[in-house]
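Visitor: Provide a 3D model corresponding to the input given below.
(chains A, B, C, D, E and F)
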Protein chains: 6
Amino acid sequence: MTTSSKDTGFEFQPYYGICTFGRAPHTRDLAGAEVAIVGVPYDGATSYRSGARFGPRAIREQSMLLWGYNNALGVSPFKTLQVIDYGDVDVVPVDVLATHTAINDEVSQIVQAGVKVIALGGDHSIALPLLRAHARQYGPLAVVHFDAHPDTWDTEFGERKYSHGTPFRRAIEEKLIDTSAYLQIGIRGPTSGKQDYADALALGARMITLDEAMGLGLAGILKEIKDRVQDKPLYITLDIDSIDPAFAPGTGTPEVGGFSSYQMLQLLRGLKGLNFVGGDLVEVSPSFDHSHITSILASNLVFEYLSLLALNKLKAE
Amino acid sequence: MTTSSKDTGFEFQPYYGICTFGRAPHTRDLAGAEVAIVGVPYDGATSYRSGARFGPRAIREQSMLLWGYNNALGVSPFKTLQVIDYGDVDVVPVDVLATHTAINDEVSQIVQAGVKVIALGGDHSIALPLLRAHARQYGPLAVVHFDAHPDTWDTEFGERKYSHGTPFRRAIEEKLIDTSAYLQIGIRGPTSGKQDYADALALGARMITLDEAMGLGLAGILKEIKDRVQDKPLYITLDIDSIDPAFAPGTGTPEVGGFSSYQMLQLLRGLKGLNFVGGDLVEVSPSFDHSHITSILASNLVFEYLSLLALNKLKAE
Amino acid sequence: MTTSSKDTGFEFQPYYGICTFGRAPHTRDLAGAEVAIVGVPYDGATSYRSGARFGPRAIREQSMLLWGYNNALGVSPFKTLQVIDYGDVDVVPVDVLATHTAINDEVSQIVQAGVKVIALGGDHSIALPLLRAHARQYGPLAVVHFDAHPDTWDTEFGERKYSHGTPFRRAIEEKLIDTSAYLQIGIRGPTSGKQDYADALALGARMITLDEAMGLGLAGILKEIKDRVQDKPLYITLDIDSIDPAFAPGTGTPEVGGFSSYQMLQLLRGLKGLNFVGGDLVEVSPSFDHSHITSILASNLVFEYLSLLALNKLKAE
Amino acid sequence: MTTSSKDTGFEFQPYYGICTFGRAPHTRDLAGAEVAIVGVPYDGATSYRSGARFGPRAIREQSMLLWGYNNALGVSPFKTLQVIDYGDVDVVPVDVLATHTAINDEVSQIVQAGVKVIALGGDHSIALPLLRAHARQYGPLAVVHFDAHPDTWDTEFGERKYSHGTPFRRAIEEKLIDTSAYLQIGIRGPTSGKQDYADALALGARMITLDEAMGLGLAGILKEIKDRVQDKPLYITLDIDSIDPAFAPGTGTPEVGGFSSYQMLQLLRGLKGLNFVGGDLVEVSPSFDHSHITSILASNLVFEYLSLLALNKLKAE
Amino acid sequence: MTTSSKDTGFEFQPYYGICTFGRAPHTRDLAGAEVAIVGVPYDGATSYRSGARFGPRAIREQSMLLWGYNNALGVSPFKTLQVIDYGDVDVVPVDVLATHTAINDEVSQIVQAGVKVIALGGDHSIALPLLRAHARQYGPLAVVHFDAHPDTWDTEFGERKYSHGTPFRRAIEEKLIDTSAYLQIGIRGPTSGKQDYADALALGARMITLDEAMGLGLAGILKEIKDRVQDKPLYITLDIDSIDPAFAPGTGTPEVGGFSSYQMLQLLRGLKGLNFVGGDLVEVSPSFDHSHITSILASNLVFEYLSLLALNKLKAE
Amino acid sequence: MTTSSKDTGFEFQPYYGICTFGRAPHTRDLAGAEVAIVGVPYDGATSYRSGARFGPRAIREQSMLLWGYNNALGVSPFKTLQVIDYGDVDVVPVDVLATHTAINDEVSQIVQAGVKVIALGGDHSIALPLLRAHARQYGPLAVVHFDAHPDTWDTEFGERKYSHGTPFRRAIEEKLIDTSAYLQIGIRGPTSGKQDYADALALGARMITLDEAMGLGLAGILKEIKDRVQDKPLYITLDIDSIDPAFAPGTGTPEVGGFSSYQMLQLLRGLKGLNFVGGDLVEVSPSFDHSHITSILASNLVFEYLSLLALNKLKAE
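Guide: Down below sits the predicted model:
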């Protein structure tokens, strides 16, 4: 037997057709679904370059290029899992709280139906309602948080509690995160002061700065993660700015000196076997991308998420 | 006597120096100032492409290319007037009401000091607090409103009263506008229904659609304006999307089939002699611009604003 | 009663949701459908810049910005008509004949079900199978052909009969076109020789070059069209390069000195009342576009197509 | 007889082959040549955005799209004339005077061999040595000068006499120009003062500002030109910024509110029959272009130059 | 003795002159030639983003920046070898078979004249006729194949045998490749199924996935190559997508997580001493490039090809 | 105590306000100043792509994103040091010598006032007058020179002594550099001949090519530097093309295969404790950048310069 393009789990060439994530059916019918891709086109809480509202659309478009089989992990997630593209949450640009409510309501309903959610941002402020929806279902969550920035400010834009610089402090305050299993990975760059890192540490985060990460190596980072996450329900939140702007220019607050895409792919694959219950990929901002390399990367990272879920299903069977 | 580049009111070449509008001094000291350029880097109320928060920065940068003398109107606004670049209002991306308050507070203080304000947006939602600040000083305003869209919805994003689709309805409700002297010019494109135009008309606007404008010609449009505005205090609000995307691609909700830059320059120059008390230029979104042609155009339109103010001063002397 | 964004025929903001044309349902079920939008992502017959295979995707994406009501024509096409987004024809990049067969088969089936087709190209070679599918249903067609180039070469790329420079000669040879009602409008620029225009005329085309068009004016052009088309079944084929590259840079063989978008919008609206049975919009090439202005324009032109069909339906009722 | 792409004076498709202007042979052998295309990749005298050194390369590349026959003028310039692509002058970025000498030496040699020169800039400072080379051969020249700026400053960059803002004053001082037949067309935008225009007028220029041009219309402008140029030897110098940035964004000092490409094509064609002896097209700056629309336009304008020369040859025969 | 820019084997600055590869003479006269650069501007067999037809043009343009001496390998290829730029093969966009014939005919003639060929693509489908032309001269070839994808599908686009996903299966079937010396290096990313890799292995390829490559290190990869290639006639085929999109965004089917340019330069240099008889560099797609970094990289990789050939000549002397 | 965005040394969000470097006050008053950022917008001596004149403006704009505290070095340079943004030197595009004089005069005055200078280029020719100004104050300088090219040609553009390819030869001839402490780091790519490297070595440079650097590792490179620089007054000159074009595309003569941004950040941080007296960062060319990643990187590298100076001050206290 030999292979041709018509054997692909992906029936058509990538230039063809309506863009849902990986050509998954676009439906709000949760019956039978195992994973839902959910777009959250909100960028109202951004501190530098806005535009991440178009992240979900761009990631969907470039996901046409995913051919279906993950050679590194040995799994076909779209065949193993019933994946749906749920579409977008109806966010409110002028109202961060209403947006949070809409995300929480919509995603809670999906999670409570036993469907895993992978959310496509949008700016990082959306992680808070996503964590709420997941913690309601799973209890306090282990969180692997890839980012250039800790996002644990107390307030931003003056005294505002809800922004893309504060979600993880809020989540910890709300006891959504099991801080014994909370890792921030890839942190780097200037901050407003020495206190930024100190605050994150005081909140209980295991911060692996980019500099420490380069010393630990991929295996070392993965050991740090596994030692903490163990078999706890794991939420992965991935800010695309954890990756270097050379590999992911399409983002709002780029920070030079980050991970390569190869490193990030290896990190995600290394999470194989953990009890991964949901996640997000945020801060893809297409108007700052070029030739779609950021959204192609993002769609591949989401494909790794799906592959992890598929492996877990196969293992459980 | 012959002229050289050193004779310019603009002492340096356009690639040189710190970017304030037209190299005006950057200061918050209003003493002696006659006109203040005020940036409003807010894009939180945008319905399509965000990014207008960088409008003020881009317009300032390209204003380096303004050489100082307006040949069409015969005036050197930077020599005739004491112009300052006041810098930006400290807006709050996640809070449209707090942003409105900040704009109103800051601009009211300038206006009440007898300094005229030209505001650089930012999305069109900022027009409401700008109108408040001016109406407090001048009473209900004649308003010449260049735009592709009426911006007179009652609500947007569900039931939100404050967005970039509603400011002129709010302003009329608040009696900031003298509707007998309110003109919407350049309106075109699809709307949510027949009612959109009907609503604007019911509010009292004289709507000159782009189609009507092409029939009236520049002189006809100007006559419509002058017949209504007369000697009332005039506020000009110019959404860059009134101009065709070929000439002004860098905007959030482009609408094809609009004015050329030549036509808009002529329209502004035609407002010579009216009692122009303040204005704004909004919706320049640099990440959608190319080669800065939109921000170059915007800086020239602001230069026409300043020229109108300078002529009025000379006439008054 | 006043209007807000929630009243729109378009329920959601343009940054929201899966991109079908104008949010029409994506289905291949023709029951009840009146108009089908059909993408044809083929660019294999292009003589200069390839890339038009992404035209349908880009036009769908920017159609999110269409708000639903056509103020110029006074009609809401998505409310008046049952519009579906049929998705794409499964073209074969390496095989122009197989592609033509696929187009003809797929579109014939739609047309024969009594559903009108608006096809989104793709390069202009696709017009031939589209004309075949329509002529089979309607007989020889009146054709209004907007283009910078006659596309009536006998062969291209050596002796190839099927390319994007030959479809209208083939169509005439196959008697798909009623040449007494065939107009080429907007023709300009260098050609391979004097014979190019002569050939088109010899085939029976009424060629209105861009230069003649500027002299005739919009009303004059429309009169030429109506005098010929009368009540014959009309197919409209619009190569986006009929419009000037300032307004439509995103195309494969740009030709300077063309129509403005305003002029093209007026021309299409002027076809109101003709017996319009089907059409295409071709040669949008997104990798040469900037800020999507070409695909925004294209989506508006398709909106005019739909509006013409809607008016015809209302008139017939 | 019918036409196909193989009949073209242009043997190959535009994506094919080494880029010389219009596929003219690249040679420095002047024997038999009638027109030489000469690149001048110098941008050292630019006051705003540098980059015009790549103008010749970009114009050559896009000239692949010229199909050979000028339908508006009824002539095939590459068949009528022996055109060569001479390649570039070896300019010296750090030394404007050495660059002028190199241009003058190289071009004088060509002109004196009886070969007409069309020079591709480069910034407008190169017009001075080009005028020297032509005036040596033809005596004082009639000059049609399309530009947004008069370029008749006395000095620039402090006291520098040679820059892209001064060439026409120098040329007049050196008696290279017959000022009774010198027209500046398209002038607009802010200048350093009222004196800029006054100086140009004092030097003898007939300045047709863009505003006056719009009033005169194309026929009126052409009459002004012909009344002055008569049968004098005519040099045409065309700064691409005479055209609006919507049509020609790829330039160094864009000035909004200019000619459309259609208007400029008509103006050049209107010079048919004048004693055109040489010309240049300057200030194309490809790094500010998009989708090559500026260099496509420039290559078409050069094609009109060649067509004028071809018609003159045919008339003389 | 000291060096200045005039000592360069490259007589002129990179902004100067007509663009042939490395300023090699453009000729079809093979007498005396040792290496011919041959462009193959065909992109008709592309599965995602078309545009590689402009690869040869862009690589030639950026090759102006190659200064002549290879410091890493200690050789001046343009001085050591008689290199010509043969120009392009006259491909047929609508006909992949005719294109293959044209490539085979043209290249066979060059190869049989004893001239080595470096082909610039175009999409990877062109490798098949290139291998045919070389195998006819040299017998079955050792092949080092850098790529993100195996390109060993049986069919693509339905049942098509000839596309850019199938050339190496065809070549093996036609016994053009000595499979004991065939290496695929850099393979990664999703495929249509597990069978894709299995098929390549079953055909006899030594596949070094990107993951394995990272483990082997550069020295390890080179050992794998040398152990297999030995002194067999070696053809190198390099798909630019073997390199990460951060370093080579300008390509049609980008695959994240690839080699850096440094790694690829080192790999090519490591092939020093092998019996390198011909090669290609394919899939450079300039409309997806930015600031030409992909074509600059490609021109440097071709420079390494030439340097390998030059070293072999020097060794043989 | 917890941190919020209002605690930042940077009072405002990065989209806010007039762009000086890191919001340092723009002043020419040197009283109290410890470090002056000085822009040098000169690109007249560039051999390939011009445009670096806009480097200072772009770096200032992106420096808004620097939050103030350097976590890697543990210092807040804007709090520790009195930093001013001096603005730009008034350069003369057409006159490299006058430009050098202007730089020398302006910078000497600053240096002699005891204020350290960090210059933002502009092309690398500006290093010569910068070295003059520093050597006058400090005597012959240790120089760490990061670059892809040695820049030690004797002449360029024919016989010109002053260009961006010659400054370090000139500086050595003028005894501005202590050649026992002169390192060139990152050198790579083709040169005009074998002599280029030989010349640099003959002048006394310790050249660490990129290849050697990869072998030495970061610690090895730093040891080489420290062994030579010791406690001599150190000038750092950083050509952004020392970094790979994937990370720094926005430059004039990109050379593939360079440092990553992470490596360069580490190298600069490794210079901690050396007697750093002044430096420059050159060759940032924004029109070739995308999404500002090059100018963001450059602003971070300047932030490292400032951090080194701040640490030295703290150590001295």
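Visitor: near the residue nearest to residue A:288 when sequence neighbours are not counted, how many other residues are there?
Guide: Excluding its sequence neighbours, the residue lying closest to residue A:288 (Cβ to Cβ, 6 or more residues apart in numbering or on different chains) is residue F:291, at 4.0 Å. Where C-beta positions appear, they are placed from N, C-alpha and C, glycine not excepted. Here the neighbour count serves as a burial measure; for residue F:291 (other Cβ atoms under 10 Å in any protein chain shown) it reads 23.
Visitor: give me the pLDDT for residue F:291.
Guide: Residue-level confidence at residue F:291 comes out at 96, pLDDT.
Visitor: now do the one 3 residues further on
Guide: pLDDT for residue F:294: 98.
Visitor: could you measure from the nearest residue to it once chain neighbours are set aside over to residue F:293?
Guide: Nearest non-adjacent residue to residue F:294, counting by Cβ to Cβ, 6+ apart: residue F:250, 3.3 Å away. Taken as Cβ to Cβ, to the nearest Å, the spacing of residue F:250 relative to residue F:293 amounts to 8 Å.
Visitor: higher neighbour count, these two?
Guide: When residue F:250 and residue F:293 are compared for neighbours, residue F:250 comes out ahead with 31 against 25, by other Cβ under 10 Å.
Visitor: ok, that one touching residue F:288?
Guide: Yes - with contact defined as Cβ atoms under 8 Å, residue F:250 reaches residue F:288; the gap is 4.8 Å.
Visitor: quick one, phi psi at the closest residue to residue A:123 other than its chain neighbours?
Guide: Nearest in space to residue A:123, with sequence neighbours left out and distances taken as Cβ to Cβ, 6+ apart, is residue A:164 at 4.3 Å. Backbone torsions for residue A:164, taken as degrees, to the nearest 10, come to phi -90, psi 0.
Visitor: so how far is chain F from residue A:164?
Guide: 11 Å (Cβ to the nearest Cβ, to the nearest Å).
Visitor: residues near that residue, how many?
Guide: By the criterion of other Cβ under 10 Å, residue A:164 has 33 neighbours.
Visitor: pLDDT score assigned to it?
Guide: As predicted, residue A:164 sits at a pLDDT of 90.
Visitor: list the contacts for it?
Guide: Contact analysis of residue A:164 by Cβ atoms under 8 Å, 6 or more residues apart in numbering or on different chains lists A:45-47, A:123-125, A:151, A:156, A:283.
Visitor: closest to residue F:181 out of the residues you listed?
Guide: Distance to residue F:181 across these (Cβ to Cβ) is lowest for residue A:47, with 42.5 Å.
Visitor: beta partners for the spatially closest residue to residue A:126 that is not a sequence neighbour?
Guide: If the residues on either side of it in the chain are set aside, residue A:126 comes closest to residue A:40, at 4.7 Å by Cβ to Cβ, 6+ apart. Taking DSSP bridges, one finds residue A:121 as the beta-bridge partners of residue A:40.
Visitor: these two touch, right, residue A:40 and residue A:100?
Guide: No - the pair residue A:40 and residue A:100 does not pass the contact test of Cβ under 8 Å, sitting 10.3 Å apart.
Visitor: of those two, who's got more company?
Guide: When residue A:40 and residue A:100 are compared on other Cβ under 10 Å, the one with more neighbours turns out to be residue A:40, at 30 against 23.
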